[in-house]
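[1] From the sequence below, what's the structure:
(one chain, ligands or ions: 1)
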Amino acid sequence: MRHRSYRRRAGRPQIPVDLPRSPRNFVLSQLRTHFERAMLMHVRNRSLHCKKHCGATLWHLHHRDGIRSRTRMYTLYSMQRSGNCYKVRLALAQLRIPYRLVEIDILKGENGTPEFRAKNPSGRVPLLEVAAGRYLPESNAILWYIAGGTPLAPDDRFERAEALRWMFFEQNSMEPSIGAAYFWLTLVRGGRDLKMHAIEGWTESGYGALGVMEEHLETNRFFAADRYTIADIALYAYTHIAEQAGFDLSGFPSIRTWLRRVAAQPRHVTMEWSPTLLEAAG
Ligand SMILES: N[C@@H](CCC(=O)N[C@@H](CS)C(=O)NCC(=O)O)C(=O)O
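    Numbering: from 1, shown residues only. Okay, here's the model as predicted:
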């Protein structure tokens with residue numbers, strides 16, 4: 001099976017490289033474009049800078065200004081069984097971005113420590129440390145950050161707005177109903193009794209959200225830009241575990257087909273999957 005790549009598309013102007021013969025120039029001439037030569041020099045300079053000033057030794061794809069550079073590795077604070085955290089792990093895996101994973105079990109109160117609250121005052125996961133002391137919370141904001149500049153994050157103004165529309169919908173309609181039901185009914189011991197009064201409301205608004213998604217998917221393969229994007233990743237996270245939270249998907253054939261379509265995307269990982277260390281593909 002031929003796998004598509006979601007990695008950043010570098011512009012490849014077809015400029016002939018014509019340099020005097022020398023071992024160094026021979027290597028340079030193998031780099032097919034002026035663009036790639038410029039990137040190489042940029043990375044080399046940054047790598048020297050990093051070695052000198054912070055001793056960094058790890059490669060990762062730093063998606064800043066469309067430049068792939070040698071810099072610090074991301075740290076993701078995440079809980080394995082959280083759908084919001086799964087969104088980020090899924091996107092990082094599909095983009096082949098290596099990162100360090102720190103498990104924060106909110107059921108054990110590990111998100112309430114002063115150390116964690118200093119990083120994220122809302123005390124929530126996921127939380128991405130993008131550089132030393134620079135933290136980004138909110139799953140969908142993290143998706144935009146890590147996928148920026150790749151086909152997973154639409155560039156076109158309308159398509160970007162479409163992706164945002166569905167990601168806001170996910171946070172407003174899906175996460176507070178199906179996400180909350182999943183959390184209280186499957187993860188928290190005694191959660192059903194504690195939240196008995198809320199179940200009817202979750203059920204009504206959860207099925208309402210599924211209905212809106214079903215209608216869209218009857219005539220669309222994906223949620224935005226006519227292709228797989230971070231909007232699909234955001235909505236997949238809680239939809240694919242909706243049945244565990246008591247939602248019956250048998251009346252939503254288009255959603256069930258879409259779930260299979262998403263799971264068939266290149267480098268898809270399940271919610272149980274956990275990285276050790278993914279090296280950026282060369
Ligand atoms: N809107 C946030 C929601 C994050 C969230 O609610 N995370 C849960 C785990 S799924 C959490 O950390 N809860 C702990 C708390 O609220 O104290 C996002 O999308 O990241």
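[2] Distance of the residue nearest to residue 186 when sequence neighbours are not counted relative to residue 76?
    Closest residue to residue 186 apart from its sequence neighbours, by Cβ to Cβ, 6 or more residues apart in numbering: residue 244 at 5.4 Å. Yep, even glycine has a C-beta here, placed from its N, CA and C like the rest. The gap separating residue 244 from residue 76 is 23 Å, by Cβ to Cβ, to the nearest Å.
[3] Repeat that for residue 248.
    For residue 248 relative to residue 76 (Cβ to Cβ), the value is 33 Å.
[4] For these two, indicate the residue with more neighbours.
    Shown here are residue 248 and residue 76; by other Cβ atoms under 10 Å, residue 76 has more neighbours (23 against 10).
[5] can you confirm the more buried one is in a helix?
    No. Residue 76: not assigned to a helix; according to DSSP: H, G, I helix; E, B strand; the rest coil it is strand.
[6] Do any residues in stretch 224-244 lie close to the ligand?
    No. For a cut-off given as Cβ under 6 Å from any ligand atom, stretch 224-244 has no contacts with the ligand; the smallest distance is 8.4 Å.
[7] pull the CA atoms of that stretch into PDB?
    This file holds the C-alpha atoms of stretch 224-244, laid out as PDB (Å, rounded to 0.1, in the frame of the first residue of the first chain):
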ATOM      1  CA  ALA A 224     -12.900  20.300   6.000                       C
ATOM      2  CA  ALA A 225     -11.000  21.000   2.900                       C
ATOM      3  CA  ASP A 226     -12.200  17.700   1.300                       C
ATOM      4  CA  ARG A 227      -9.300  15.800   2.900                       C
ATOM      5  CA  TYR A 228      -8.100  14.400   6.200                       C
ATOM      6  CA  THR A 229      -7.200  17.300   8.500                       C
ATOM      7  CA  ILE A 230      -6.800  18.100  12.200                       C
ATOM      8  CA  ALA A 231     -10.600  18.700  12.200                       C
ATOM      9  CA  ASP A 232     -11.000  15.000  11.700                       C
ATOM     10  CA  ILE A 233      -8.500  14.200  14.300                       C
ATOM     11  CA  ALA A 234     -10.300  16.500  16.800                       C
ATOM     12  CA  LEU A 235     -13.700  14.900  16.100                       C
ATOM     13  CA  TYR A 236     -12.400  11.300  15.900                       C
ATOM     14  CA  ALA A 237     -11.000  11.400  19.500                       C
ATOM     15  CA  TYR A 238     -14.400  11.100  21.300                       C
ATOM     16  CA  THR A 239     -16.500   9.800  18.500                       C
ATOM     17  CA  HIS A 240     -14.500   6.600  18.200                       C
ATOM     18  CA  ILE A 241     -15.100   5.800  21.900                       C
ATOM     19  CA  ALA A 242     -18.700   7.100  22.000                       C
ATOM     20  CA  GLU A 243     -20.100   3.500  22.200                       C
ATOM     21  CA  GLN A 244     -18.100   2.900  25.400                       C
END
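[8] This completes my enquiry, with thanks.
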